[in-house]
Structure formats: structure tokens, C-alpha cells
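A.B. asks: the amino acid sequence is not available; the structure is as follows:
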């Protein structure tokens, strides 16, 4: 009897440990994800019209966005928490500023293997589990 109680208790504790703390996060698909950090460095918008971002389209399994200078697009594969970008392309406009930032973003996209939600942000992780990119969802409050 005691053994059964212990097993049930352990199962309940394990289930609780695997859930989030009730924090809600925007869905991966359909949200405008603003890139806030790439390769450990803060990302800045070159101007209001060119904010670095990604948008995931669930139906087409395509991603599109901006590095802050150039537009980017490609496919992605999503399975559980695994995420891989595929056949990414970019326009190649020369920008007065932001080219180093663009290079960091493009290199980071090539290292992504998983994703997670942490602290209200979307983190795109490399093979070692480090956040190569951090993003936050655009909300009406963040536009002001």
C-alpha cells in the first residue's frame, strides 16, 4: 500500500516538474517575432521600417522576416522542440549600417537545432543548448 502511494506521489511530482509555471506565451506560428539578441549581442532596429524579425507560417512551413537590412525567407522543419531552418535566402542590399548585425543573425540561423520559451521570450538554441537568437512577440503594447 505504501509503495503504491510512493509511486503515485512520484508520478505526480514528475508531472508537475514537466509543466511550465502557468506562464502563457504567444504561439510560435502567426506571431511577429522581433529579434532582440543574436549571438549574445543586443539587436537594434536600423530604423522603424526595418526591425529584425521572423514570422513562422504553419501551413506552408515557411519562415520570413528581416535582418534589419535585408529580407530573409526559407523553409523550416519543426518536430517537438526540434527546429531546423532550410534553404534560407536573403536579399543582398548594401546598408549604411547594420551589416555586422545582419551577419550575426544569418550565422545564428544556421546553428539553430531547437527552440524553447523562457522568460516571455522565444529562444532559438544551438546544438549545445545556448540561445543563438532571442525573440519577443510583437504586441500592441510594444508598438507604443
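C.D. replies: Yes, it's here. The structure displayed is predicted, hence computed values, not measured ones.
A.B. asks: output the below-cut-off pLDDT ranges for this protein.
C.D. replies: 1-24, 140-144 (pLDDT under 70).
A.B. asks: how long is stretch 35-48 from one end to the other?
C.D. replies: 14 Å (Cα to Cα, to the nearest Å).
A.B. asks: buried sites along it?
C.D. replies: Applying a neighbour-count criterion of 16 or more other Cβ atoms under 10 Å, one finds 35, 37, 38, 39, 43, 45, 46 buried in stretch 35-48. No exception for glycine: its C-beta is placed from N, CA and C like everyone else's.
A.B. asks: next: stretch 73-87.
C.D. replies: Within stretch 73-87, the residues that count as buried by 16+ other Cβ under 10 Å are 74, 76, 83, 85.
A.B. asks: could these go into a markdown table alongside secondary structure?
C.D. replies: Formatted as a markdown table, the buried residues of stretch 73-87 follow (DSSP: H, G, I helix; E, B strand; the rest coil):
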| residue | secondary structure |
| --- | --- |
| 74 | strand |
| 76 | strand |
| 83 | strand |
| 85 | strand |
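A.B. asks: now distance to residue 95 too, for those, in a markdown table please.
C.D. replies: Shown next, in a markdown table, are the buried residues of stretch 73-87 (distance: Cβ to Cβ, whole Å):
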| residue | distance to residue 95 |
| --- | --- |
| 74 | 20 |
| 76 | 25 |
| 83 | 27 |
| 85 | 22 |
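A.B. asks: which single one of the buried residues of stretch 35-48 is nearest to residue 27?
C.D. replies: residue 35 (17.6 Å; Cβ to Cβ).
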